[in-house]
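Participant: can't give you the sequence, but here's the structure:
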């Protein structure tokens, strides 16, 4: 990967703009606490639920294939 393609080199505004405008790619994941647990999602459209935040993070990592 070219350094210019890394989200670590983007400003927060650039990152959020890319997540909002580039559909179908796994550019950003979220784990959001709700009344019944955690909603887990990805900018590609993938969605899941989790009982805990840790489970949600694990699901997001497994989804993107970034497991160590």
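Facilitator: Structure received. On a predicted model such as this, the values are computed, not experimentally measured, just so you know.
Participant: Tell me where this structure has strands.
Facilitator: Assigned by DSSP state E, the chain shows strands spanning 29-34, 37-42, 47-50.
Participant: any idea of the mean pLDDT for the last one?
Facilitator: Taken as a whole, strand 47-50 has a mean pLDDT of 97.
Participant: Distance from it to the middle of the chain?
Facilitator: On the basis of CA atoms, centre = their mean, to the nearest Å, strand 47-50 is displaced by 12 Å from the centre of the chain it belongs to.
Participant: Equivalent analysis for the first one, please.
Facilitator: Here strand 29-34 shows a centroid-to-chain-centroid distance of 9 Å under the convention CA atoms, centre = their mean.
Participant: re the thing from before, check the strands of the chain for me and report the most buried one.
Facilitator: Of all those, strand 37-42 has the most neighbours on average by mean count of other CB atoms under 10 Å, namely a mean of 18. Where C-beta positions appear, they are placed from N, C-alpha and C, glycine not excepted.
Participant: what are the pairing partners of that one, and which direction each?
Facilitator: Looking at strand 37-42 with DSSP bridges, its partner strands are strand 29-34 (antiparallel), strand 47-50 (antiparallel).
Participant: Need the contact partners of the longest helix seen in the chain.
Facilitator: As assigned by DSSP state H, the longest helix anywhere in the chain is helix 53-64. With contact meaning CB atoms under 8 Å, 6 or more residues apart in numbering, helix 53-64 is reached by 26, 29-31, 33, 38-40, 42, 46, 48, 50, 67.
Participant: go again using 6 Å as the cut-off
Facilitator: By CB atoms under 6 Å, 6 or more residues apart in numbering, the surrounding residues in contact with helix 53-64 are 26, 29, 31, 38, 40, 42, 46, 48, 50, 67.
Participant: got the buried residues for that helix?
Facilitator: 55, 56, 59, 60, 63 (16 or more other CB atoms under 10 Å).
Participant: tell me the angle of it relative to strand 29-34?
Facilitator: Taking axes from the mean of the first three to the mean of the last three CA atoms, to 10 degrees, one finds that helix 53-64 is oriented at 150 degrees with respect to strand 29-34.
Participant: Go through the contacts of helix 53-64 and name the one nearest residue 11.
Facilitator: Nearest to residue 11, judged by CB to CB, of the contacts of helix 53-64 is residue 29 at 18.9 Å.
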